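A.B. asks: let's see this in three dimensions:
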Amino acid sequence: MEHFCPTCNQPLPAAPGKRRCTGPCGLVKPLEAFYRLAHGKHGRRSRCKECMSVDATARRQAKPARKRVKAPSAASQVTDAQIAGFIASGQLAPATGRLCAYCKAPAASYHKLRIKPTLQLAPVCAVCAVKIANGVRINPYVNPEDL
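C.D. replies: You can find the predicted model right below:
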């Protein structure tokens, strides 16, 4: 039961061991219904756990989750141009005439294995290129006869 001041009609402070929630519910609750806050009044937050949960849920629903996309580095952009230049000048055979280094399917493009100290490339098919772009670690194909 709420108590109001007879002169100003404002709600009176809560009894000891209780606190009024400043959130949407506005109820007087025991201190255990509030999260701890070392520097707060009574050592607790001003909103109860239920109101904080409702606010957090509303914020999560209002803002959709974004997937972080890593921007290509300057070094990888330079090597893409270098690869095209090597193919155009005839120093490197087009990837379409080779087999994928991972699954031995016909290759579609080159994958950069290493940029420094020297540029190392591996021909990859479209399926393996998508796996690599999505961060899936795949091992290069090993011929059983070579073992």
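
A.B. asks: what's around A56, how many residues?
C.D. replies: Residues lying near A56 (other CB atoms under 10 Å) number 10. Heads up, the C-betas are built off the backbone N, CA and C, glycines and all.

A.B. asks: that one: what's it in contact with?
C.D. replies: Applying CB atoms under 8 Å, 6 or more residues apart in numbering to A56 gives no contacts.

A.B. asks: how close does it sit to T7?
C.D. replies: Going from A56 to T7 by CB to CB, to the nearest Å gives 39 Å.

A.B. asks: next: K116.
C.D. replies: Counting by CB to CB, the gap from K116 to T7 is 79 Å.

A.B. asks: which stretch of helix or strand covers K104?
C.D. replies: Under DSSP states H and E, no helix or strand contains K104.

A.B. asks: I meant to write A58 there.
C.D. replies: Judged by DSSP H and E, A58 forms part of helix 49-62.

A.B. asks: wasn't L113 part of a strand?
C.D. replies: Yes: counting by DSSP: H, G, I helix; E, B strand; the rest coil, L113 falls inside a strand.

A.B. asks: how many neighbours does it have?
C.D. replies: For L113, the neighbour count with other CB under 10 Å is 11.

A.B. asks: identify the bridge partners of the residue nearest to it when sequence neighbours are not counted.
C.D. replies: Closest residue to L113 apart from its sequence neighbours, by CB to CB, 6 or more residues apart in numbering: Q120 at 4.3 Å. Taking DSSP bridges as the rule, Q120 bridges to R114.

A.B. asks: going forward, the N-terminal residue is numbered 15.
C.D. replies: Fine by me, first position is 15 from now on; the one you just mentioned is Q134.
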